[in-house]
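**Q** The following block contains a protein sequence and its predicted model.
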Amino acid sequence: QLAESGGGLVQPGGSLRLSCTASGFGFAYVSIGWFRQAPGNNAREAVASIASTGYYIEYHDSVNGRFTISRDNPRNTAYLEMNNLKLEDTGIYYCAADAFLNNWQNADEYDFWGQGTQVTVSA
């Protein structure tokens with residue numbers, strides 16, 4: 001299981017830190033991806049991913065330089081630090097896990113998903 005936390009309401013330019021805590025499987029052996037679903041959009045957009053070791057990291061162009069993904073394997077937790085938030089960052093943020101990830105942006109490849117946490121950026 002995966003459980004996200006840390007969402008909330010923030011003004012443009014503000015910051016939030018999301019957490020994704022895992023249980024019931026070997027967290028240290030999976031890649032973690034963060035996705036978001038914008039209001040009125042059924043598709044989940046890949047935001048960032050981090051490999052099991054933490055050495056390989058990917059970002060969507062729209063968040064590169066503003067968001068930072070990290071993980072703490074002994075704590076079974078991954079993080080998404082979000083800075084300089086924009087209105088278009090609003091959405092439900094999900095974390096996902098997969099042990100044999102090929103394309104980090106392909107939501108269908110991930111085996112485990114959390115329930116999501118709402119992030120709202122509004123003035």
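**A** Looks like it came in fine.
**Q** so what's the most centrally placed residue in the chain up against?
**A** The chain has W34 as the residue nearest its centroid, 2.2 Å off, counting by C-alpha atoms, centre = their mean. Shown in contact with W34 (C-beta atoms under 8 Å, 6 or more residues apart in numbering): 18, 20, 46-49, 69, 78, 80, 93-96. The C-beta positions use only the backbone N, C-alpha and C, and glycine is treated the same way.
**Q** Now do the same for it: its pLDDT.
**A** Confidence at W34, expressed as pLDDT, is 98.
**Q** and it, bridged to which residues?
**A** Per DSSP bridges, the residues bridged to W34 are A48, C95.
**Q** Look up how far V119 lies from it.
**A** Distance, W34 to V119, using C-beta to C-beta, to the nearest Å: 11 Å.
**Q** Next, show the common contact partners of the two.
**A** Common neighbours of W34 and V119, using C-beta under 8 Å, 6+ apart, are L18, Y93.
**Q** if we can go back for a sec, columns pLDDT, distance to L2 and neighbour count on top of the contacts of W34, output as JSON lines?
**A** Converted to JSON lines, these look like this (pLDDT from 0 to 100; distance: C-beta to C-beta, whole Å; neighbours: other C-beta atoms under 10 Å):
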{"residue": "L18", "pLDDT": "98", "distance to L2": "12", "neighbour count": "23"}
{"residue": "C20", "pLDDT": "98", "distance to L2": "6", "neighbour count": "27"}
{"residue": "A46", "pLDDT": "97", "distance to L2": "16", "neighbour count": "20"}
{"residue": "V47", "pLDDT": "98", "distance to L2": "15", "neighbour count": "25"}
{"residue": "A48", "pLDDT": "98", "distance to L2": "15", "neighbour count": "24"}
{"residue": "S49", "pLDDT": "97", "distance to L2": "14", "neighbour count": "24"}
{"residue": "I69", "pLDDT": "98", "distance to L2": "14", "neighbour count": "24"}
{"residue": "A78", "pLDDT": "98", "distance to L2": "9", "neighbour count": "29"}
{"residue": "L80", "pLDDT": "98", "distance to L2": "13", "neighbour count": "26"}
{"residue": "Y93", "pLDDT": "98", "distance to L2": "12", "neighbour count": "25"}
{"residue": "Y94", "pLDDT": "98", "distance to L2": "8", "neighbour count": "23"}
{"residue": "C95", "pLDDT": "97", "distance to L2": "5", "neighbour count": "30"}
{"residue": "A96", "pLDDT": "97", "distance to L2": "7", "neighbour count": "24"}
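**Q** Thanks again, I'm all set now.
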